[in-house]
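1. Mind folding the following:
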Amino acid sequence: MHRLDDVQARQLTLAAVGAVNRRDHPWSADAVRCLAAEERTKVVAIDTCAAILLRGVPRGSLGAGTRIEVDGPAARGEEARARASEVLSGLAAGDDGRVALVLGVLGEEEQFDVLLALVRAAAAWIDAYVGIDGDTVDAYYAISKTEMS
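-> Predicted coordinates for the structure are as follows:
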């Protein structure tokens, strides 16, 4: 595959998130592997997932000791989720050094696992809110039709 620019890396990240929600896990994993292969695309992918997962939480607004958990399935289970949580928490605290430290000690496969955990967590976040939106729309139609008749 050719070298991705930032816009393409963001689009590929969003596509990987969408693939998880469409239960196309092999495609999502392949996309994440492509993103994790280069430092720049990995950073864009992490930033894209953080934008989803930290929606409403301004970067740097949380204290240094704050921990944001990353839930959901991860390729290497708890260890990958814990590292993904550390990355996300560092971003929320505005501590780029913390994020760099976490990623700097990881090998290529471990970085892939962390990124995959973030992609899957972003997909779960979106899936939950799509479900809530469906419930709110259903409630709106049910109540508005009753009140109108």
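2. hey, let's count contacts and neighbours off CA atoms from now on
-> OK.
3. mind showing which ranges of the chain have poor pLDDT?
-> 1, 72-76, 147-149 (pLDDT under 70).
4. now do 50
-> Along the chain, segments meeting pLDDT under 50 are nowhere present.
5. longest helix of it?
-> Longest helix in the chain by number of residues (criterion: DSSP state H): helix 108-148.
6. Tell me where the protein has helices.
-> With DSSP H, the ranges of helices along the chain come out as 6-21, 25-36, 39-53, 78-92, 96-104, 108-148.
7. Can you tell me which of those helices is most buried?
-> Of all the helices of the chain, helix 78-92 has the most neighbours on average by mean count of other Cα atoms under 10 Å, namely a mean of 23.
8. so residue 19 makes contact with residue 25?
-> Yes - Residue 19 lies in contact with residue 25 (Cα atoms under 8 Å); the separation is 6.5 Å.
9. Please list the residues outside stretch 92-108 that contact it.
-> Applying Cα atoms under 8 Å, 6 or more residues apart in numbering, the contact partners of stretch 92-108 are 36-37, 54, 57-64, 66, 83, 86-88, 90-91, 111.
10. Residue 59 and residue 44: what is the separation?
-> 15 Å (Cα to Cα, to the nearest Å).
11. To clarify, my last question referred to residue 108.
-> For residue 108 relative to residue 44 (Cα to Cα), the value is 16 Å.
12. From start to finish, how long is stretch 34-41 in a straight line?
-> When the termini of stretch 34-41 are compared using Cα to Cα, they are 8 Å apart.
13. now do stretch 71-84
-> Terminal residues of stretch 71-84 are spaced 9 Å apart (Cα to Cα).
14. same thing with stretch 18-25?
-> One end of stretch 18-25 sits 10 Å from the other (Cα to Cα).
15. any idea how far that stretch is from the chain center?
-> 13 Å (Cα atoms, centre = their mean, to the nearest Å).
16. Look at residue 56 and say how many residues are nearby.
-> By other Cα atoms under 10 Å, 8 other residues sit near residue 56.
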